[in-house]
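Undergrad: Here's my sequence, what's the structure:
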Amino acid sequence: MSEDQFDVKAATKALEDVNKAFDAFTKKTDQQFEELRKNGVADPIITEEVAKIREEVKANQAILTEYALAQKRSERVVTDATGNAVDLDQKAFEWADKLAKKRGERATKYTAKELAEYSQVFVKMMRRGEQALSAEEYKALSVGSDADGGYAVMPDLSGRMIKQEYTTSPMRAYASVQVIGTDALKGVYDNDEAEIFWEGETETPQVGATPQLGEWRIPVREMRTLLKATQQSLDDASIDLEAWLATKGREKMGRAENATFVSGDGVGRPRGFLTYPDGSDLTNSVKRFFTGVSGDFAAAPAGVDKLRLMMADLKPAYRGNSNWFMNRTTEGEVMVLKDSDGRPLWQPSTSAGTPSSLMGRSVAIFDDMPNTDAGALAIAYGDMRAAYQIVDRESVSILRDPFMYKPFVGFYMRKRVGGDLVNGEALKLLSFSAS
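TA: Below you'll find the predicted structure:
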């Protein structure tokens, strides 16, 4: 059975389980709501049952979330400069052409089959070094040679996301991603208005203030890591070494970049969308809403109203691609929210490949976002693709060093990537504080 078949089977079962559990969850929370209404306090046995069912729903929902992200990723095999999806041969060609340009050359043709051959030779080079390659193998490897030394790790042609990214924040599935060939991406923003006057027919026209355009700039930053293995283990390894090394490096770098896209300080790394102040300036602030209670939602219906206000405040242009963003713990708290009539706001997935929803909009799990602690910005809502821009300069590259770390062989890995907020009005944040 293939991994894709397993994913579908697991997701289908999780969907059945989460809907059964949610039905039981709804009935128990109705009882809890009625107990609170009558007696002012809930039956502890019912409360315990609600908590147990909620954990069951969360566990199955996590499977559905991973499956939905895998589906989303497969629909966008790669994102080019215009944001369009391309086929595997096109993806392989763009990878080869980008590396060729760094050497002052151009690729003419390069297919997914040739990239698979490169992958096989890459494994041999990692194990035994360049001296062990034949002339034909060295030729196959040369397409991935890095201008700064070393060889580039090939892109993942399966279209699947690295698993560890599911447990952080899959920003690349929601934000805008662009590949560039320079050290920064620049753009223009319009955050100003023309000045007008009401005047009589014979009055001399007044000179109004001319609106100004601004510029935003996202520099690329560099991530590095060093992995080591003994030559003996490389000689005797029975695993797919290329996949193992690439996965280890991508896992570490994936977690690091995901965290900075959410809360990075922008000093030598990308700046996260949670770090901007409350305000209405297009590129330098994000509007905040407040729960009115430190570290919690306000009692119904006030707590629910804050979420509705966030939705209503988002301009129509951004609503079609809007989502909720929160971590798994916060989602668990949102599950029990009800309106004044006792109806739940959160709904489980209705089919495999679709995420859960809150008031009709999808919930994206970003585990790098904080819990609902006092003052925490634990929930975001809006169009992340319009709000946040990720910039890719180079994919992961590897330099093999058999000398510096004897008896180990060192594998120096690096990646250049940037990210920043470009449109704050496309996003809203909820602060768990009084004001």
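
Undergrad: which SS state does the closest residue to residue 379 other than its chain neighbours fall under?
TA: Leaving aside its chain neighbours, residue 379 sits nearest to residue 430 (4.1 Å; criterion: CB to CB, 6 or more residues apart in numbering). From N, CA and C alone the C-beta is placed, and that goes for glycine too. Per DSSP: H, G, I helix; E, B strand; the rest coil, the local secondary structure of residue 430 is strand.

Undergrad: Mind listing the residues bridging to residue 430?
TA: Residue 430 has these beta-bridge partners by DSSP bridges: residue 289, residue 379.

Undergrad: and it, what does it touch?
TA: Counting by CB atoms under 8 Å, 6 or more residues apart in numbering, residue 430 touches 288, 289, 290, 291, 306, 307, 310, 377, 378, 379, 380, 381.

Undergrad: Same list (these) but as a markdown table, adding distance to residue 181.
TA: Converted to a markdown table, the contacts of residue 430 look like this (distance: CB to CB, whole Å):
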| residue | distance to residue 181 |
| --- | --- |
| 288 | 37 |
| 289 | 40 |
| 290 | 43 |
| 291 | 45 |
| 306 | 44 |
| 307 | 42 |
| 310 | 38 |
| 377 | 35 |
| 378 | 38 |
| 379 | 37 |
| 380 | 31 |
| 381 | 34 |
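
Undergrad: A strand includes residue 398, no?
TA: Yes - under three-state DSSP, residue 398 falls within a strand.

Undergrad: and residue 112, how many residues sit next to it?
TA: Neighbourhood size, residue 112 [other CB atoms under 10 Å]: 16.

Undergrad: If I follow the layout properly, it ends up in contact with residue 90?
TA: No - in this structure residue 112 lies outside contact range of residue 90 using CB atoms under 8 Å: 9.0 Å.

Undergrad: Please tell me how far the residue nearest the centre of the chain sits from residue 403.
TA: Centroid check for the chain by CA atoms, centre = their mean gives residue 171 as the closest residue, at 1.4 Å. Taking CB to CB, to the nearest Å as the measure, residue 171 falls 38 Å from residue 403.

Undergrad: Check residue 32 too.
TA: 66 Å.

Undergrad: between those two, which one's more packed in?
TA: residue 32 (19 against 7).

Undergrad: wait, what's in contact with that one?
TA: 42, 43, 46, 47, 50.

Undergrad: So of those, which two are at opposite extremes in space?
TA: Largest separation among these by CB to CB: 43 and 50, giving 10.0 Å.

Undergrad: which one of those two has more residues nearby?
TA: More crowded of residue 43 and residue 50, by other CB under 10 Å: residue 50, with 21 against 15.

Undergrad: residues near the closest residue to that one other than its chain neighbours, how many?
TA: Using CB to CB, 6+ apart and skipping the chain neighbours, the partner closest in space to residue 50 is residue 28 (4.9 Å). Neighbourhood size, residue 28 [other CB under 10 Å]: 19.

Undergrad: where along this structure do the strands fall?
TA: For the chain, applying DSSP state E gives strands covering 151-152, 176-179, 184-190, 213-219, 221-230, 287-290, 323-326, 346-347, 357-358, 361-365, 377-382, 388-401, 408-421, 427-431.

Undergrad: how far off strand 408-421 does the third one point, in degrees?
TA: What it means is strand 184-190. Strand 184-190 and strand 408-421 are oriented at 10 degrees to each other (axes from the mean of the first three to the mean of the last three CA atoms, to 10 degrees).

Undergrad: Work out the gap between strand 184-190 and the centre of the chain.
TA: Strand 184-190 has its C-alpha centroid displaced from the chain centroid by 22 Å (CA atoms, centre = their mean, to the nearest Å).

Undergrad: List the buried residues of that strand.
TA: For strand 184-190, burial by neighbour count (16 or more other CB atoms under 10 Å) applies to residue 185.

Undergrad: Residues contacting it, please?
TA: The set of residues external to strand 184-190 that reach it, using CB under 8 Å, 6+ apart, is 178, 211, 213-220, 282-283, 389, 391, 418, 422-423.
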